[in-house]
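# need the 3D shape of this:
(one chain, ligands or ions: 1)
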Amino acid sequence: MATYSSRNRESPNILLTGTPGTGKTTLGQELALRLDMQYVNVGDVAKEKELYEGWDEDYQCPVLDEDRVIDEMEEIVNNGGCIIDYHSCEFFPERWFDIIFVLRTDNSVLYNRLQQRGYSGRKLQDNIQCEIFQTILDEARSSYLPSIVFPLASNCPDDLETNIDKIKDYIERWKASKEQI
Ligand code: DAT
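A predicted model of the protein is given here:
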């Protein structure tokens, strides 16, 4: 099988990760629209293709079949210009991403968002704890080069605009640096 690296891509691949409710989908869809990139929601891909390997009794949800998810996404990711959205990150191949943004939301804001989504009890508490302990940020830093992992505040509409500007700026610099090679 051919191996791909960022050298093969004309546009970078970006991972948006973070605790559920931190705003990955909102940011990802907006970026895709404004920057003409491909938005890929990993949860939706898994659901559409039924890429599951069991049932989690604790959380009452299907367990992702990570190998099949990777196989399913490989081709599209290799083309570059993808914005990948998922609430975990350690199982993706390192070579897929040029930069990783971990969305962070203040606890009280996140609590309200998850409650509005219908989360309650243990599911709500576990997700809030995940954010308090910066679990996903640590996971990203230990799974990828820490120099490509950046936290982004995601509490309010102003943050959304700031984050779009930052990512737009990053993509322009990434493309410019490639042209020099
Ligand atoms: P995720 O994809 O991480 O689960 P989401 O994009 O679905 O999160 O957002 C969860 C909720 O929060 C949704 O009602 C939209 C809202 N939201 C997202 N980003 C926001 C922001 N920067 N400011 C205010 N609300 C935001």
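
# show me what from the protein comes close to the ligand.
18, 20-26, 113, 154, 156-157, 159-160 (C-beta under 6 Å from any ligand atom). The way it works is simple: take the backbone N, C-alpha and C, and place the C-beta from them, glycine included.

# what is the nearest of these to V102?
G18 (5.2 Å; C-beta to C-beta).

# got the contact list for the closest residue to that closest one other than its chain neighbours?
Distance criterion C-beta to C-beta, 6 or more residues apart in numbering; nearest residue to G18, sequence neighbours excluded, is L103 at 3.6 Å. When contacts are counted by C-beta atoms under 8 Å, 6 or more residues apart in numbering, L103 touches L16, T17, G18, T19, T22, G23, K24, L27, P151, L152, S154.

# and if you look at N155?
The contact partners of N155, taken as C-beta under 8 Å, 6+ apart, are T105, D106, V109.

# in helices only, show me those.
V109 (DSSP state H).

# got a winner among the contacts of N155 for most neighbours?
T105 (24 neighbours; other C-beta atoms under 10 Å).

# which stretches of the chain form helices?
24-35, 42-49, 66-78, 107-116, 121-132, 135-143, 157-179.

# residue in the protein with the shortest distance to the ligand?
G23 (2.8 Å; C-beta to the nearest ligand atom).

# what does that residue show for phi and psi?
Per-residue torsions, G23: phi 110, psi 20 (degrees, to the nearest 10).

# what does the pLDDT read for it?
You'll see G23 listed with a pLDDT of 98.

# count the neighbours of the closest residue to it other than its chain neighbours for me.
Residue nearest to G23 in three dimensions, not counting chain neighbours: S154, with 4.0 Å by C-beta to C-beta, 6+ apart. Around S154 sit 25 other residues, with neighbours defined as other C-beta under 10 Å.

# so S154 touches L160, yeah?
Yes - between S154 and L160 there is a contact under C-beta atoms under 8 Å: 7.2 Å.
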